[in-house]
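Novice: Sequence unavailable; structure follows:
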């Protein structure tokens, strides 16, 4: 998304978009990103996120529903490196991240609710590619996520 901001997209497609509540902070060096959605629903466990980010991202955005927990980080610099290696457009975490000083220097898009140094659990629990809901938005696999400094929105179809 290089020429149109989220306000422009909202103005042009108001009836097609869901706008997320402003819960998220930017942690990667990339502030604007977009792509089709993949989802993970997990709680304080990032094993499924790691496994997913090890696969080709093909410009997708990974949306991780960590239930809003701020007790364990779900993404850090190692997963940021996997995003870069495998072509993911970005990650949105309804939960916490860590290694933020490193993520800030990486050309990745990472949005999350908060920060904590505690590592995630690694039990492999969670669900992949199921609709998840938080921040007033339903994130459905295959729908499109758009983000920039103005916020985050979701559309069932790509927006021009």
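Specialist: Yep, that arrived. Keep in mind that what you see is a predicted model, and the values were worked out from it rather than measured.
Novice: could you pull out the helices for this structure?
Specialist: Counting by DSSP state H, one finds helices in the chain at the ranges 6-12, 47-53, 77-86, 100-103.
Novice: ok, and what's touching the second one?
Specialist: It stands for helix 47-53. Helix 47-53 is contacted by residues 38, 40, 42, 62, 64, 74-75, 78-79, 82-83, 86, 88, 91, 120-128 when judged by CB atoms under 8 Å, 6 or more residues apart in numbering. In this view, the C-beta of every residue, glycine as well, is placed from N, C-alpha and C.
Novice: Only the buried residues of it, if you could.
Specialist: Within helix 47-53, the residues scored as buried using 16 or more other CB atoms under 10 Å are 47-50, 52-53.
Novice: farthest pair in these?
Specialist: Spanning the widest gap among those are 47 and 53, at 11.0 Å by CB to CB.
Novice: And for residue 133, the neighbour number?
Specialist: 12 (other CB atoms under 10 Å).
Novice: For the residue nearest in space to the middle of the chain, list the residues it contacts.
Specialist: Taking CA atoms, centre = their mean, the centroid of the chain lies closest to residue 92, which sits 1.7 Å from it. Residues near residue 92 by CB under 8 Å, 6+ apart: 24, 61-64, 111-112, 139, 145, 147, 152.
Novice: With distance to residue 18 as extra columns, can I get the helices of the chain in a markdown table?
Specialist: Conversion of the helices of the chain to a markdown table gives the following (distance: least, CB to CB, whole Å):
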| stretch | distance to residue 18 |
| --- | --- |
| helix 6-12 | 10 |
| helix 47-53 | 23 |
| helix 77-86 | 24 |
| helix 100-103 | 26 |
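Novice: Go through the ones you listed and name the closest to residue 157.
Specialist: helix 6-12 (12.1 Å).
Novice: Do a quick rundown of the strands in this protein.
Specialist: Along the chain, the stretches classed as strands by DSSP state E are 17-19, 25-26, 33-41, 61-65, 73-75, 90-97, 110-115, 127-128, 132-134, 137-139, 144-148, 151-155.
Novice: and those strands, which is most packed in?
Specialist: Each of the strands of the chain was scored by mean neighbour count; the highest is strand 73-75, a mean of 30, by mean count of other CB atoms under 10 Å.
Novice: Kind regards, and thank you for your time.
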